[in-house]
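>>> Quick one: sequence and predicted model below, then my questions.
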Amino acid sequence: MSSLIQLIDFEEHFNADVEAFLETSNVLERREKFHVVSIIGPQSSGKSTLLNILFNLNFQTMDAGSGRYQVTQGVWMGYDQASHTVVLDLEGTDSRERGEFAGAYERKSALFALALSEILMVNIWTQDIGRLNASNLLLLKNILELHVQLFITAQKSSEKIPFKTKLMFILRDHVSSPLSKLTEVLTMDVKKVWDSIEKPAEIENSALEEFFDLDFYSLPHKNLKPEEFAEAASDMQAKFRAGAFLDGDVYNRKVEADELALYSENIWNTIVSNKELDLPSQREMVSIVRCDQASDEIGQTLAAEISALEQELKPIRALDERSADLMQRAKTMFREKTTRHIQSVVLRKEASLAESLSQVLTRLMRDQMETVSKAELSKFREKLDALGAAETPWTAFEKQTAEAFRLASSEFDKWCKAPEGIPQMSEGVNTKRADLLKDLDNEIEVTRQEVVESGQDALLQTFQQIVQKKVVPVIDSGLNVECWPRALEEVKHASATVDDQCDIMLGSDGVGLHGGELERARVKVREACLSGLFGDLRKLIGGSEGILRRMKQRFNQLFRFDESGNPRVWAPRDDITTIFDAAQKGASDMGDMLASISLGEYGSQDVVDNNSLRELKQQLDSDAAVAFVDARHAQEMARMKTKVPMWAIVLVGVLGFDEAKMILKRPALIFLFLIAFVLIYFAYLIRVHEMIWEPVRDWAAPYLQILKARLEEWIEHNENNGNTIYSGTPAKASERTDSVLTGASVVDSSSVSDTAQSEKQNLATNKKAD
C-alpha cells in the first residue's frame with residue numbers, strides 16, 4: 001500500500017510538501033512516463049473505495065455504520081507504482097458541508113482535475129441516468145465549458161499542446177439494464193450538453209469527439225454481488241496496468257514528473273485567484289523555474305573553476321581555450337538538465353546562462369587584456385626609447401619599429417585570443433586589440449616625429465659643415481669679387497648631398513616617410529639649410545664693419561702688396577696713380593659684392609642698403625687718400641736717396657780726407673771703433689735696448705700724459721681763436737700717428753684729397769723731367 005497526501009485542504013490551501021511526496025513515491029524517476037487519473041462524483045458514492053481497489057491505494061472511506069458524511073475533503077493524491085498512475089481523489093459534489101459555496105468549489109476542483117488528468121472518471125449511480133442533477137449533468141456542463149477554455153488557450157500556444165481528455169463514466173450498482181442502452185442515453189445527454197454550451201467561433205461547429213473520448217464501464221453492487229464486483233474491478237485494474245485505457249500520447253499533458261508539484265500549485269493558485277487559466281503559461285512558468293534551478297546548479301558547479309582562474313597569476317595561460325571549454329560544458333550540462341522542458345524556454349534560459357557566464361569570462365579576459373596591453377605597451381615604449389637614443393636613430397627605423405609592432409601584437413594575440421562560442425568576449429578582444437594597435441601606432445608616430453626632427457637637425461649640421469668647409473673659405477678670404485658664383489656651386493653641391501642623405505635617412509630605408517610626407521620633410525630641411533646659410537653668411541660678412549674691413553683688405557692687397565704678395569717698396573719710377581686707381585676700384589667692387597648675398601635660384605639678401613654702401617665707399621676713399629700720400633712721400637724719399645750729386649761726394653771726400661788720414665794713422669783708435677761696433681751689435685742681438693726701454697717708458701708715462709693734456713689744451717685754445725694747425729680733430733691727429741688705414745686720416749677728407757691730387761700732378765711732372 002502506498003502513502004497518500006492531501007494535495008488541497010478544505011480551506012483550499014495547496015500543500016507545500018507535494019514535491020517531497022513525489023520524490024519518496026518514486027514518481028520523479030518516471031519523468032514523462034506516468035499518468036494522472038482523477039475521479040469526481042456525488043458524496044458517499046464509493047469513489048475512494050473504487051480508487052483503492054483499482055490502484056491499490058488506501059484513501060479514507062466512509063464507515064457505513066456511521067451514516068453518510070463527508071469523508072474526502074479537498075483533493076487527495078496517491079501513486080500506484082504498478083500502473084505508474086498519479087491518482088487524484090476529489091471531494092464529493094453536492095455536500096452539505098460546503099453549503100451554498102459547494103457549486104463554486106466544485107467548479108474549481110473540476111477545472112483543476114481537467115488541467116491535470118488524462119482520464120476523468122465520473123462516478124454515478126446507474127439508477128440516476130436520465131436525471132438532471134443526480135447524474136451530475138450540471139457538473140458535466142461546467143466540465144465541458146472549462147475544457148473548451150483550456151483547449152483554446154492550449155492551441156494558441158507556440159507549443160501546440162495536445163489537449164484531449166477521456167471521460168470515463170463508471171456506472172455503479174448496475175443490475176439489469178443493458179450497458180449499451182445506458183451508454184446510448186448517457187452519450188446523448190453529453191452531446192446535448194455539448195451543443196448547449198457557448199463555444200468560440202473557431203470551434204463553434206466542432207464535434208464533441210474532437211475534445212473528448214467517452215468510455216463507459218459498469219460495476220455491480222459491491223455488497224449484493226461482491227464476487228461480480230470484484231471481478232469487474234479486477235478487470236479494470238488490469239486494463240489500467242496494461243495501459244489499455246491510455247493508448248498513445250493523445251491525452252498526455254506533457255508535464256514532467258519533476259514539474260508536477262510546481263505545475264499543480266501554479267494551476268490551483270491561478271484558479272483560486274479567479275484568473276483565466278492558461279495552461280501553456282503554466283507549463284512555461286514551470287519550465288522557467290526548472291531552467292533557473294538548472295542554471296543555479298551549473299553556476300555552483302563551475303564557481304570553483306572560475307574562482308581558480310581569478311586567483312591564477314596574470315596573464316592566465318590559454319584563457320581562451322579554458323573559457324570556451326567552460327562555456328561548452330555549461331551549455332551541455334544545461335541541456336541535459338532541461339531536455340524535457342519547453343524548448344523556447346530552454347533556449348531563452350540557455351542564452352541567459354551563456355550571457356551570465358560570458359560576463360564573468362569577459363571580465364577575466366578584460367583584466368587579462370589590460371595586463372597584457374600595459375606590459376606590451378611598456379616594452380614597446382622601451383624599445384622606441386632605445387631606438388630614439390641611438391647615435392643614428394633613423395637607421396632602419398621603419399623596419400625596427402615594424403618588427404617591434406609585430407612582436408607586440410603577436411604577444412597580445414598569444415594571451416588574448418578571442419574564444420569560439422562567446423561572441424561578447426570575442427567582440428571585447430577585437431576592440432581591445434584595435435585599441436592596443438592604435439596606441440602602438442601613436443607611439444611610433446611620436447617617436448618617428450622626434451627621429452625626423454633629429455634627422456633634420458643632423459642634415460642641417462651636415463649642410464653647415466659642408467658650407468663651413470667649402471663656402472665659408474670662399475667668402476672669408478674677402479679677396480675675390482667672383483666669390484658668389486663659386487659659392488653657388490658649392491651650395492648646389494651641399495644641397496644635393498643633403499637631399500640624397502635626406503632620402504636615405506627619412507625615406508623607406510630609414511624613418512619610413514613616403515610620398516608627400518617625405519617631400520615636405522625634404523622641403524623643410526632645405527628651407528632650414530638656406531635660412532641658416534644666409535644667416536651664417538651675413539654673420540660671416542659682419543655687416544657694415546665687416547664690409548669696410550674687407551674693402552680695406554682688398555685695397556691693401558692691391559696697393560701695398562705686389563702680384564707676388566710681397567710688400568711694395570716704392571721706386572721712383574713706380575706708377576702710383578695707376579696702382580692706386582686699380583686698388584681703389586678693386587676695393588669698391590669688393591664692397592658691391594659683399595653688400596648683397598646672391599646665390600642664384602636659392603635667392604639673395606642685402607647685407608647693407610645702397611646709402612650705407614655709399615658711406616662705406618666714402619670712408620674707404622678717405623683712408624685710401626692717406627695711403628696714397630704716404631706712398632708719394634716714400635717715393636720722394638727713394639728718389640732723393642738715389643739722386644746724391646757728384647759734387648757732394650767730391651766735397652765730402654775733400655773735406656774728410658784729413659780725418660780719414662788721422663784715423664788710419666792711429667791703430668788704437670781703429671781698434672776702439674771696432675770694439676764699440678761689436679758691443680753695440682751684441683747689445684742689439686740680446687735686445688738690451690728693449691730691457692732699458694720698458695722701465696724708461698713706464699717712468700716717463702705720467703709725464704707724457706701731462707704733456708699730451710697740455711698739448712691738447714693748447715690746440716683747443718688755438719682752434720677757439722681760429723688758428724688751427726690741422727683742419728681735422730686732435731683725435732684724427734693722434735690716429736694719424738698710429739695708423740694710416742685703420743683709423744681716420746690725419747687731415748680731413750677734403751684736404752687729403754686735395755693733397756693727393758697735387759701729389760699726383762707733381763709725380764707726373766717729375767716723371768717728365770726724369
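All right, it came through fine. Numbers count the residues shown, from 1 in each chain.

>>> Report the separation between the spatially most central residue of the chain and residue 26.
Among the residues of the chain, residue 435 comes closest to the average C-alpha position under Cα atoms, centre = their mean, at 3.2 Å. Using Cβ to Cβ, to the nearest Å, we find residue 435 at a distance of 59 Å from residue 26. The C-beta positions use only the backbone N, C-alpha and C, and glycine is treated the same way.

>>> Quick one: residues contacting the residue nearest to the centre of the chain.
For residue 435, the contact set (Cβ atoms under 8 Å, 6 or more residues apart in numbering) comprises residue 373.

>>> element containing it?
helix 423-466 (DSSP states H and E).

>>> now residue 702
Using DSSP H and E, the element containing residue 702 is helix 688-720.

>>> quick one on the thing from earlier: look up how far residue 416 lies from the residue nearest to the centre of the chain.
12 Å.

>>> How about residue 257?
46 Å.

>>> For those two, work out which one has more neighbours and name it.
More neighbours surround residue 416 than the other of residue 257 and residue 416, with 25 against 21 (other Cβ atoms under 10 Å).

>>> do you know how far that one is from residue 308?
19 Å.

>>> Also residue 626?
In this view, residue 626 and residue 308 are 104 Å apart by Cβ to Cβ.

>>> who has more neighbours, those two?
Neighbours were counted for residue 626 and for residue 308 using other Cβ under 10 Å; residue 626 has more, 23 against 11.

>>> Does anything pack onto the host helix or strand of the more buried one? Which helices or strands?
If you go by DSSP H and E, residue 626 is part of helix 610-642. With contacts defined as 3 or more Cβ pairs under 8 Å, 6 or more residues apart in numbering; DSSP states H and E, helix 610-642 has these neighbours: helix 543-559, helix 576-595, helix 749-769.

>>> residues making contact with the first one?
Outside helix 543-559, the residues that touch it by Cβ under 8 Å, 6+ apart are 478-479, 540-542, 568, 579-580, 582-584, 586-591, 594-595, 607-608, 612-613, 616-617, 619-620, 623-624, 627, 631, 741-742.

>>> Pull out the buried residues from that helix.
544, 546-548, 550-559 (16 or more other Cβ atoms under 10 Å).

>>> Also the second one?
Burial within helix 576-595, assessed by neighbour count using 16+ other Cβ under 10 Å, is assigned to 576-577, 579-580, 583-584, 586-588, 590-591, 593-595.

>>> Output the below-cut-off pLDDT ranges for the stretch 201-350 of the chain.
248, 274-283 (pLDDT under 70).

>>> can you do 80?
For the stretch 201-350 of the chain, applying pLDDT under 80 flags the ranges 201-203, 246-250, 253-254, 273-290, 313-314, 339-342.

>>> where do the strands sit along the protein?
Remark: strands assigned in the chain by DSSP state E are 4-8, 35-40, 75-80, 85-90, 119-125, 165-172, 212-219, 596-598, 604-606.

>>> Turn these into a markdown table, columns for mean neighbour count.
Output for the strands of the chain, formatted as a markdown table (neighbours: other Cβ atoms under 10 Å):
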| stretch | mean neighbour count |
| --- | --- |
| strand 4-8 | 21 |
| strand 35-40 | 25 |
| strand 75-80 | 24 |
| strand 85-90 | 26 |
| strand 119-125 | 23 |
| strand 165-172 | 22 |
| strand 212-219 | 17 |
| strand 596-598 | 17 |
| strand 604-606 | 12 |
